[in-house]
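1. just need the structure, nothing else, for what follows:
(one chain, ligands or ions: 1)
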Amino acid sequence: MTGGGSGIGRAATLIFARSGMDVVIADIDEVKARGVAEEAAQIGAGALALRVDVSDEESVRSAMQQTEVRFGRLDVLVNSAGVDFHKELADIPVEDWRRVMDINVTGTFLCMKHAKRLMLLNKYGRMICLGSSSGIYGMGWPAYSAAKAAINGLALSAARELALQGITVNVVAPGPTETPLSLDLWANNPGRRQRLESSVPVGRVAKPEEIGAAIAYLASEEAGFVTGSILVIDGGLTSLMRQQTPAPAPAPAS
Ligand SMILES: NC(=O)c1ccc[n+]([C@@H]2O[C@H](COP(=O)([O-])OP(=O)(O)OC[C@H]3O[C@@H](n4cnc5c(N)ncnc54)[C@H](O)[C@@H]3O)[C@@H](O)[C@H]2O)c1
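-> Here you go, the predicted structure:
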């Protein structure tokens, strides 16, 4: 579980632990990773906390090796490590653009690349990538939306590549979810949370556990026929809002 130290990654890790799975919490924040590993261990899971920077190939390679040494196999990869960036097009410094791409896109790619080798040993695997409704409908900020759209392309082509190898690849695309990532954003934008809640058809934001439950389904053996899917979980925000968008006015008769 990359990004397992917080938010959606933490919630999914604890659901995995409750279902009897052993878990690896791979996060750049080692203190948070250790905290979640302790929570998982208290539930009874085998738990390994690793400090990993997903944008660094050596760090990812080392994490996969340590996983193999400790547990002997890798059945599930969840790419939950991610960062947001809140600036409009003309205000995005290229270094920040690259950082958002490095962590969200290159990080997801590197973890999938190195997980593939381990999963092929058993011809079994479940890869789940965290996208976002922003990556489908462009509802977020440009750098973040572009990164999440790239994850969709990466996951769908990998799903095709791995379909006959017993490895499924899917994307979970949440809408606004109450995690430290979004709480930071909402704290800096008074009223944003209320505006979001009033625009979501179900009238609220998601709890991390609701996204974690979908991840757990896609990680299960029962989901072996689900691959190349993008599961949007956003309280109807994007699909129902699109239906309410007024049709463009007809062009005036010439
Ligand atoms: N919260 C939302 O509203 C929301 C909506 C749609 C998609 N998502 C996506 O879900 C995923 C999880 O988001 P969250 O809300 O739980 O965020 P979060 O900030 O609570 O957790 C993200 C975790 O990723 C870790 N991380 C950051 N950079 C890393 C790196 N280079 N290497 C390893 N770990 C790193 C952080 O330390 C943190 O523990 C992200 O990919 C995010 O884009 C979140």
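
2. the top strand by length along the chain: partners in the sheet, and parallel or antiparallel?
-> Across the chain, the strand with the greatest residue count (assigned by DSSP state E) is strand 167-174. Strand 167-174 sits in its sheet next to strand 125-130 (parallel), strand 230-233 (parallel), going by DSSP bridges.

3. tell me the mean pLDDT for that strand?
-> Computed over strand 167-174, the mean pLDDT rounds to 98.

4. close to the ligand, is the helix or strand that that strand is followed by?
-> Sequence-wise, the next helix or strand downstream of strand 167-174 (DSSP states H and E) is helix 180-188. Yes: using Cβ under 6 Å from any ligand atom, helix 180-188 reaches the ligand at Pro180, Leu181, Ser182. All C-beta atoms are positioned from the backbone trio N, CA, C, and that covers glycine.

5. need those residues in TSV (columns: neighbour count and pLDDT).
-> Shown next, in TSV, are those (neighbours: other Cβ atoms under 10 Å; pLDDT from 0 to 100):
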residue	neighbour count	pLDDT
Pro180	13	91
Leu181	15	86
Ser182	20	90
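
6. for the ligand, see how far away the residue lying closest to Leu89 once chain neighbours are set aside is.
-> Nearest non-adjacent residue to Leu89, counting by Cβ to Cβ, 6 or more residues apart in numbering: Pro142, 5.2 Å away. With the distance defined as Cβ to the nearest ligand atom, to the nearest Å, Pro142 ends up 14 Å from the ligand.

7. if we can go back for a sec, return the closest of the residues of helix 180-188 next to the ligand with respect to Lys113.
-> Nearest to Lys113 among the residues of helix 180-188 next to the ligand: Leu181, at 24.8 Å, using Cβ to Cβ.

8. and the stretch 101-250 of the chain, which of its residues are near the ligand?
-> Ile103, Gly107, Leu130, Ser132, Pro174, Pro176, Thr177, Thr179, Pro180, Leu181, Ser182.

9. closest one of those residues to Asp75?
-> For those, the nearest to Asp75 is Leu130 (18.2 Å; Cβ to Cβ).

10. show me what that closest one is bridged to.
-> Assessed by DSSP bridges, Leu130 has beta-bridge partners Val172.

11. how many residues are close by it?
-> The number of residues packed near Leu130 is 26, by other Cβ atoms under 10 Å.

12. can you pull the contacts of it?
-> By Cβ atoms under 8 Å, 6 or more residues apart in numbering, Leu130 lies in contact with Gly3, Ile8, Val78, Asn79, Ser80, Gly82, Ile151, Val171, Val172, Ala173, Pro174.

13. check contacts around the third one.
-> If a contact means Cβ under 8 Å, 6+ apart, then Val78 has Met1, Thr2, Gly4, Gly9, Ala12, Ile128, Leu130, Ile215, Ala219 as its contacts.

14. what is the burial count for the last one?
-> Spelled out, that is Ala219. Considering only other Cβ under 10 Å, Ala219 is surrounded by 25 other residues.

15. same question for the fifth one.
-> If you count neighbours by other Cβ under 10 Å, Ala12 ends up with 29.

16. that one sits in which helix or strand?
-> helix 7-18.

17. give the buried residues for that helix.
-> The neighbour-count check on helix 7-18 (16 or more other Cβ atoms under 10 Å) flags Gly7, Ile8, Gly9, Arg10, Ala11, Ala12, Thr13, Leu14, Ile15, Phe16, Ala17 as buried.

18. mind saving the C-alpha coords of the very next helix or strand once past that helix as PDB?
-> The element immediately downstream of helix 7-18 (helix or strand, assigned by DSSP H and E) is strand 23-27. C-alpha atoms of strand 23-27 as PDB (Å, rounded to 0.1, in the frame of the first residue of the first chain):
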ATOM      1  CA  VAL A  23       0.100  -5.500   4.800                       C
ATOM      2  CA  VAL A  24       3.100  -3.400   3.800                       C
ATOM      3  CA  ILE A  25       2.700   0.300   4.500                       C
ATOM      4  CA  ALA A  26       5.000   2.100   2.100                       C
ATOM      5  CA  ASP A  27       5.000   5.900   2.700                       C
END
